[in-house]
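Asker: Prediction below, plus the sequence it came from.
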Amino acid sequence: MLDLKFVRENPEIVKQNIRNKFQEEKLPLVDEVIELDAKRRKTQQEADNLRASRKKISKQIGALMAQGKKEEAEEVKQQVTRNAERLAELEALETEIGEKVTAIMMRIPNIIDPSVPIGKDDSENVEIQRYGEPLVPDFEIPYHTDIMEKLNGIDLESARKVAGNGFYYLMGDIARLHSAVIAYARDFMIDRGFTYCVPPFMIRSNVVTGVMSFAEMDAMMYKIEGEDLYLIGTSEHSMIGKFIDTVLQEDTLPRTMTSYSPCFRKEKGAHGIEERGVYRIHQFEKQEMIVVCKPEESPMWFDKLWQNTVDLFRSMDIPVRTLECCSGDLADLKVKSIDVEAWSPRQQKYFEVGSCSNLGDAQARRLKIRVVGEGGKYFAHTLNNTVVAPPRMLIAFLENNLNEDGSVRIPEVLRPYMGGKSVIVAD
């Protein structure tokens, strides 16, 4: 959420940013919120004047009574009553206008970084760099669930009976591999100085609206019926929410944390959930990283975060590339975002396995995460990035480590988490 003063003083900058994000339908919101803000400030001024006059009028009534001027005192008392009634009206109007202003401000997108390429959707994202050689073996790579099934590692049919499409049972060594990747990613981030955390897997609505846009919320979140609770779509939500309504000492920054959680997503608008695959699903597990830092340090941390994901995948011999997300592909709260994509030998193309985002002070402003230092109080900057998210990551892992005989090689870094196994073979 932007600073209202910034919107008031820079309406054309805000409007051009909206155009750059190809959200022209939101352009009228800028003038609307500025008009409402002017009305609110005028209302507030009148209310402040009435509050200021109360003490003065009270003294006036006392003086008139002391002089025996009861009729004049009664007239002034009537004025006090009228003022009180008017003040009540103004306070109600202030609240009403304030709610409208907040609702509009939460729909106006954050100002994107000048380095972000202008584009309408993800088809216009820009490749930055490739890491590792994207190889295609001289044997056919089966579909990822076929690989898992041959290794007795997945049961989709039973999952459909139990929960429907978009769910799965992972079995045996594939389930163990899933857990090994999560454990390795946890230790990888701890070794890089991040504090490990297991957060709440449900959050209240004020945290939801603090960390994401309404459009994202509608498309992603599962609501717990009868309670003010939502299942998290990613642990970043509850991790950033940990700092709600806090004032952090500047010398305690940055706060760097890595978290494990299950994640739950409706995947609304995904054109149905693929029955056989585990690329887009309703439930998965994830290792995440978040940073809360000073504004001037967020660009540096942004580069560190996506590099962590690149380094993790390369340590498992998986080729990856980084993509700069264009303006139209950025969610409303994001200032800048880079996707990490892994190589798929079967499809002979890259696909997304993680996303790194700098949200500037947007989440901090909504959640009231402030920092106090020598220069006074200011809003923190927040960032997040996927460390690894099986089972999507498993697709890349299995395809890039598959042997011609159907067995799967285990990279050296994962072997301690797999009981020393160097290969997975069918029973």
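Answerer: Perfect, I can see it now. Numbers count the residues shown, from 1 in each chain.
Asker: any idea how far the worst-scoring helix or strand of the chain on mean pLDDT is from the chain center?
Answerer: Ranked by mean pLDDT, DSSP states H and E, the weakest helix or strand in the chain is helix 214-220, scoring a mean of 79. Centroid separation between helix 214-220 and its chain, computed with CA atoms, centre = their mean, to the nearest Å, is 11 Å.
Asker: Okay, buried residues for it please.
Answerer: Of the residues in helix 214-220, those buried under the neighbour-count criterion (16 or more other CB atoms under 10 Å) are 217, 219-220. C-beta coordinates here come from the backbone N, C-alpha and C atoms, glycine included.
Asker: Count the neighbours of the spatially closest residue to residue 24 that is not a sequence neighbour for me.
Answerer: Excluding its sequence neighbours, the residue lying closest to residue 24 (CB to CB, 6 or more residues apart in numbering) is residue 18, at 7.0 Å. Neighbour count of residue 18, defined by other CB atoms under 10 Å: 21.
Asker: Could you find the closest non-adjacent residue to residue 20?
Answerer: residue 327 (4.7 Å).
Asker: Next one: the one you found from residue 122, what distance?
Answerer: 11 Å (CB to CB, to the nearest Å).
Asker: So which of these two has more stuff around it?
Answerer: residue 327 (22 against 13).
Asker: I'd assumed residue 121 was in contact with that one.
Answerer: No: in this structure residue 327 lies outside contact range of residue 121 using CB atoms under 8 Å: 9.8 Å.
Asker: okay, which residue of this structure is out on the far edge from center?
Answerer: The centre of the chain is farthest from one residue, residue 68, which by CA atoms, centre = their mean lies 67.6 Å away.
Asker: how much space between that residue and residue 77?
Answerer: The value you get for residue 68 to residue 77, if CB to CB is used, is 15 Å.
Asker: mind listing what's buried in stretch 327-334?
Answerer: By 16+ other CB under 10 Å, the buried positions in stretch 327-334 come out as 327-334.
Asker: Check for me that residue 343 belongs to a helix.
Answerer: No: according to DSSP: H, G, I helix; E, B strand; the rest coil, the state of residue 343 is strand, so it is not within a helix.
Asker: Now do the same contact list for the closest residue to residue 216 other than its chain neighbours.
Answerer: Among residues not flanking residue 216 along the chain, residue 331 sits closest, at 5.8 Å (CB to CB, 6+ apart). Residue 331 sits next to 212-213, 215-216, 337, 357 when contact means CB atoms under 8 Å, 6 or more residues apart in numbering.
Asker: could you dump those to CSV with distance to residue 383?
Answerer: CSV is the format used below for the contacts of residue 331 (distance: CB to CB, whole Å):
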residue, distance to residue 383
212, 15
213, 17
215, 21
216, 17
337, 10
357, 7
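Asker: Among those, which one lies nearest to residue 380?
Answerer: residue 357 (14.9 Å; CB to CB).
Asker: helix, strand or coil for the closest one?
Answerer: The local conformation at residue 357, judged by three-state DSSP, is strand.
Asker: In space, what's closest to it - neighbours in sequence excluded?
Answerer: Closest to residue 357 by CB to CB, 6+ apart is residue 337, at 4.5 Å.
Asker: Shouldn't the one you found be within a helix?
Answerer: No: using three-state DSSP, the secondary structure at residue 337 is strand, not a helix.
Asker: Determine the number of other residues adjacent to it.
Answerer: 25.
Asker: Check residue 172 too.
Answerer: So residue 172, with other CB under 10 Å, has 15 neighbours.
Asker: what sits against it?
Answerer: When the contact criterion is CB under 8 Å, 6+ apart, the partners of residue 172 are 151-153, 427.
Asker: Against residue 304, how distant is it?
Answerer: Using CB to CB, we find residue 172 at a distance of 36 Å from residue 304.
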